[in-house]
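Engineer: Quick one, what's the 3D model for this:
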Amino acid sequence: MDQRDYPLEKVRNIGIIAHIDAGKTTTTERVLYYTGVSHKIGEVHDGETTTDWMEQERERGITITSAAVTCFWTPTYAPGDKNKKHRFNIIDTPGHIDFTVEVKRSLRVLDGAVVVFDGVAGVEPQSETNWRYADEAMVPRICFVNKLDRTGASFEHSYKTILERLSKKAVRMQIPIGLEDKHEGVIDLLKMKAYFFEGDMGNKVIEKEIPEEYKADAEKYHAELIETIVSHDEKAMTEYLDGKVPDIDTLKKILRKAVIANDVFPVYAGSALKNKGVQLVLDGVVDYLPAPTDIPAIKGVNPDTEEPLERHASDTEPFSALAFKIATDPFVGQLIFFRVYSGTLTAGSYVYNPRTRNKERIGRILRMHANDREEVKKVYAGEIAAAVGLKDTITSDTLCDENNPVALDRIVFPEPVISLRIEPKTKADQEKMGMALNRLAQEDPTFKVSSDQETGETIIAGMGELHLEIIVDRMKREFSVESNVGKPQVAYRETITGNADAEGKYIKQSGGRGNYGHVKIKVKPMEMLTKEQIEDLPRNVKRDAHFEFINTIKGGAIPQEYIAPVEKGLKEGLERGILAGFRMVNVSVELWDGSYHEVDSNEMAFKIAASMAVQDACKAARPVILEPMMKVEVITPEKFMGDVTGNLSSKRGLIEGMEDRGMNKAIKAVVPLSEMFGYMTSLRSMTEGRAGFTMEFLRYDIVPTNVADEIIKSRK
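Structural biologist: Predicted coordinates:
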């Protein structure tokens, strides 16, 4: 379909995000059915959904990779009106914590999101993480309280948890008619009408008057909604105080502006499984979520001069796009998913990658429908598509016009917290394993592959046990590689808690030309700074997430060409750790003096001198071991609460609070990851198989001395 049929104002790039099991994929299936993309509805429990297409997803009933789907929607209030037809590019993202990288990278390229909540549980831990990611990406959202047909469902409880835990800016757009098995429809608080969903799979949306018993509540919440809306527009507020309520179109315009500015989060109600409410959420996407033209211009820099640049959502601007995902397709090879921010791209043309400084040819362009694909000749600003034929592009690379280069901000991914050793079962598997791991690491930026220098073994690292389990499973199925895996290991780190100075000298004379490198450094714990503070740092300070290098050399004591080797040597010295060989993080190193030799100095000598100096300095700066701490939430029947809390405390866990969650209790705790291996098995045996838990990385903390001694002993 040509872009001219779909002006940018009628495009919506949205994601569907939620905690695991809130009904996100089921909601997506309903969206595809009502928009006419699929003619039958696949259910998660039958393993037949469109967007969960990997075998591992269907077996486990969870979403692992984000799937991209294109579909079209005409709002229910304008049936048959071609001018109101909108194109949706939808990404269904995973809810499981081990795969949050998918949510993070998807939110980066989306303009809006539908956040789905379980009508019984309300806000759950993963909902909070996803909401935080959406806040970071400044993505406007509408909320959908789903599963109101379930026993124990409560719209008011779920709405209250949104206000308490996520944002005070949420406002009811609807209230449900009936709950649990009596859930029949919803009341629209703006139009003050009741909606029922009849016909095959609830595809007929019937508007009726509000039933008598709901009128008082509807009036009360209608007044609240109107007040919230008019408070975002001075003129409307003045009129409202004079007793004049603006008409619906005006209210919608004001609300749309407020939602796009992240000042209001509308809350909808329904049950995707029972086909109630989904179409009205789609109307909400059209009415309130932004088109690419509504969002601020994307910011970047000129890769040659570092000057700030921006690109607007327009077909006439120079081409710029962000590669946000790499996937291996069994039929067409490697697919690079990208979001076009400006300009147009034609199949067969060349794009420039500022990271590699190379041009690459775009072989084919595909519009994706989960794992089906439609080939297109051209894509336009605001679209999400996939390219075939790019060899050197990785996640978060910019693709742009060679004559107008721009480097867009890269996506920042969390570090892995768990690792395990892996070896091929046979000689034949050995060659294939390297290729398979390399391909999987390209696809997933939170999956890292390294080799142990001493033993030569291969180590894989990721976000959790399930994450690595899926990787090993995919190696077997997609690449036919059989492997043996070791026990999971915690990704410990080391850091310093004090300041120290040191001097590194590397001097070797062995006849002929010698080696001479000499540096003096100071180390201290690295301060955590805000984004603004980092941008204001002087030019002589370089920093990444875990290391800061300050160059205060005066009067050429060390020539400029040896400064980069010194920095490299410092990083290598920190990589080796001090206490137990774990990588050192959050260290600030100042290079303040040194000396060189006209003839004998070289890059290698300075690199070795820096590496020796930083090891000596860190030994004197009170080094400690850090361990990953996890935010754990256990949902258990009340009678097992004492056993569960006692067990968590015995794992060095800190209980942070408890609350009711439907008929059960939710226990929140912070527990070291090292104590959580195999926890599911012990939790099930403790609670007759009736409890479940979720866990996500929270922060790194200092390991207690007795535990640190054990770790050091085990590494010797």
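
Engineer: Pull the number of nearby residues for the closest residue to residue 584 other than its chain neighbours.
Structural biologist: Distance criterion CB to CB, 6 or more residues apart in numbering; nearest residue to residue 584, sequence neighbours excluded, is residue 574 at 4.1 Å. In short, each C-beta sits where N, CA and C put it, glycine included. Around residue 574 there are 24 other residues, counting by other CB atoms under 10 Å.

Engineer: before we move on, what about residue 296?
Structural biologist: Residue 296 has 9 nearby residues by other CB under 10 Å.

Engineer: Okay, now the sheet partners of the helix or strand where residue 176 lies, with direction.
Structural biologist: Secondary structure from DSSP states H and E places residue 176 in strand 174-177. Using DSSP bridges, strand 174-177 pairs in its sheet with strand 185-188 (antiparallel).

Engineer: what about dumping the CA coordinates of the partner strand to PDB?
Structural biologist: C-alpha atoms of strand 185-188 as PDB (Å, rounded to 0.1, in the frame of the first residue of the first chain):
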ATOM      1  CA  GLY A 185     -19.600  -4.500  28.800                       C
ATOM      2  CA  VAL A 186     -18.200  -1.100  29.600                       C
ATOM      3  CA  ILE A 187     -19.400   2.500  30.200                       C
ATOM      4  CA  ASP A 188     -17.700   5.300  28.300                       C
END
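
Engineer: Against which helices or strands is the next helix or strand after that strand packed?
Structural biologist: Toward the C-terminal end, the helix or strand that comes next after strand 185-188 (DSSP H and E) is strand 193-198. Packing contacts for strand 193-198, counted by 3 or more CB pairs under 8 Å, 6 or more residues apart in numbering; DSSP states H and E, involve strand 185-188, strand 204-208.

Engineer: what's the angle between the longest one and strand 193-198?
Structural biologist: The directions of strand 204-208 and strand 193-198 differ by 150 degrees, with axes from the mean of the first three to the mean of the last three CA atoms, to 10 degrees as the criterion.

Engineer: Give the next helix or strand downstream of strand 204-208.
Structural biologist: helix 215-230.

Engineer: Would you mark the buried spots in that next one?
Structural biologist: 218, 221-222, 225-226, 228-230 (16 or more other CB atoms under 10 Å).

Engineer: And for stretch 386-393?
Structural biologist: Those would be 386-390, 393, for stretch 386-393 by 16+ other CB under 10 Å.

Engineer: Can you tell me which of the residues you listed is closest to residue 405?
Structural biologist: Checking the buried residues of stretch 386-393 against residue 405 with CB to CB, the nearest one is residue 393 at 15.0 Å.

Engineer: I'd like the buried residues of stretch 386-393 laid out as CSV, including distance to residue 660, secondary structure and pLDDT.
Structural biologist: Shown next, in CSV, are the buried residues of stretch 386-393 (distance: CB to CB, whole Å; DSSP: H, G, I helix; E, B strand; the rest coil; pLDDT from 0 to 100):
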residue, distance to residue 660, secondary structure, pLDDT
386, 45, strand, 86
387, 50, strand, 88
388, 52, strand, 84
389, 55, coil, 79
390, 51, coil, 85
393, 49, coil, 87
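
Engineer: closest to residue 417 among those residues?
Structural biologist: Residue 417 lies nearest to residue 393 out of these, by CB to CB, at 27.2 Å.

Engineer: The closest one is in contact with residue 400, isn't it?
Structural biologist: No. With contact defined as CB atoms under 8 Å, residue 393 does not reach residue 400; the gap is 11.9 Å.

Engineer: between those two, what contacts are shared?
Structural biologist: With contacts taken as CB atoms under 8 Å, 6 or more residues apart in numbering, the residues that reach both residue 393 and residue 400 are residue 353.

Engineer: hang on, the earlier thing: now the buried residues of stretch 386-393 in JSON lines, with distance to residue 655?
Structural biologist: Formatted as JSON lines, the buried residues of stretch 386-393 follow (distance: CB to CB, whole Å):
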{"residue": "386", "distance to residue 655": "46"}
{"residue": "387", "distance to residue 655": "49"}
{"residue": "388", "distance to residue 655": "51"}
{"residue": "389", "distance to residue 655": "54"}
{"residue": "390", "distance to residue 655": "49"}
{"residue": "393", "distance to residue 655": "46"}
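
Engineer: still on that earlier bit, export the helices and strands packed on strand 193-198 to TSV and tack on mean pLDDT and distance to residue 632?
Structural biologist: Formatted as TSV, the helices and strands packed on strand 193-198 follow (pLDDT from 0 to 100; distance: least, CB to CB, whole Å):
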stretch	mean pLDDT	distance to residue 632
strand 185-188	95	35
strand 204-208	91	42
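
Engineer: out of those strands, deepest packed?
Structural biologist: strand 185-188 (a mean of 24; mean count of other CB atoms under 10 Å).

Engineer: For residue 300, give its distance to residue 654.
Structural biologist: As for residue 300, its distance to residue 654 is 42 Å (criterion: CB to CB, to the nearest Å).

Engineer: Give the pairing partners of the longest strand along the chain; include direction for each.
Structural biologist: In the chain, taking DSSP state E as the definition, the longest strand is strand 623-636. Paired strands of strand 623-636, with direction, are strand 493-496 (antiparallel), strand 664-672 (antiparallel), strand 692-702 (antiparallel) (DSSP bridges).

Engineer: out of those, deepest packed?
Structural biologist: Of the strands paired with strand 623-636, strand 493-496 is the most buried (mean count of other CB under 10 Å), at a mean of 24.

Engineer: Can you name the next helix or strand after it?
Structural biologist: strand 500-508.

Engineer: Report the distance from the very next helix or strand once past that next one to the chain centre.
Structural biologist: Proceeding N to C from strand 500-508, the next assigned helix or strand is strand 515-525, under DSSP H and E. Per CA atoms, centre = their mean, to the nearest Å, the displacement of strand 515-525 from the mean C-alpha position of its chain is 38 Å.

Engineer: do stretch 342-356 as well
Structural biologist: Stretch 342-356 sits 25 Å away from the centroid of its parent chain (CA atoms, centre = their mean).

Engineer: circling back: which one of residue 300 and residue 654 has more residues nearby?
Structural biologist: Legend: neighbour count by other CB under 10 Å for residue 300 and residue 654, higher for residue 300 (22 against 12).

Engineer: so that one sits right up against residue 310, yeah?
Structural biologist: Yes. Between residue 300 and residue 310 there is a contact at 7.1 Å, judged by CB under 8 Å.

Engineer: rewinding a little: residue 414: which of the strands paired with strand 623-636 is closest?
Structural biologist: Of the strands paired with strand 623-636, nearest to residue 414 by CB to CB is strand 692-702, at 6.6 Å.

Engineer: Helix or strand: which one has residue 617?
Structural biologist: helix 603-619.

Engineer: that older thread, closest to residue 544 out of the strands paired with strand 623-636?
Structural biologist: The nearest among the strands paired with strand 623-636, by CB to CB, is strand 493-496 at 14.4 Å.

Engineer: I'd like the distance from the closest one to the chain centre, please.
Structural biologist: Distance, centroid of strand 493-496 to centroid of chain: 26 Å (CA atoms, centre = their mean).

Engineer: for stretch 269-281, same thing?
Structural biologist: 26 Å.

Engineer: ok, now stretch 463-474?
Structural biologist: For stretch 463-474, the distance to the chain centre is 17 Å (CA atoms, centre = their mean).

Engineer: hey, C-alpha coordinates of that stretch in CSV?
Structural biologist: C-alpha atoms of stretch 463-474 as CSV (Å, rounded to 0.1, in the frame of the first residue of the first chain):
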residue,chain,number,x,y,z
MET,A,463,19.7,-12.0,32.3
GLY,A,464,18.5,-15.2,34.1
GLU,A,465,18.2,-19.0,34.1
LEU,A,466,15.3,-19.0,31.7
HIS,A,467,17.2,-16.7,29.3
LEU,A,468,20.2,-19.0,29.1
GLU,A,469,17.9,-22.1,29.0
ILE,A,470,16.2,-20.7,25.9
ILE,A,471,19.5,-19.8,24.2
VAL,A,472,20.8,-23.4,24.7
ASP,A,473,17.4,-24.7,23.4
ARG,A,474,17.6,-22.5,20.3
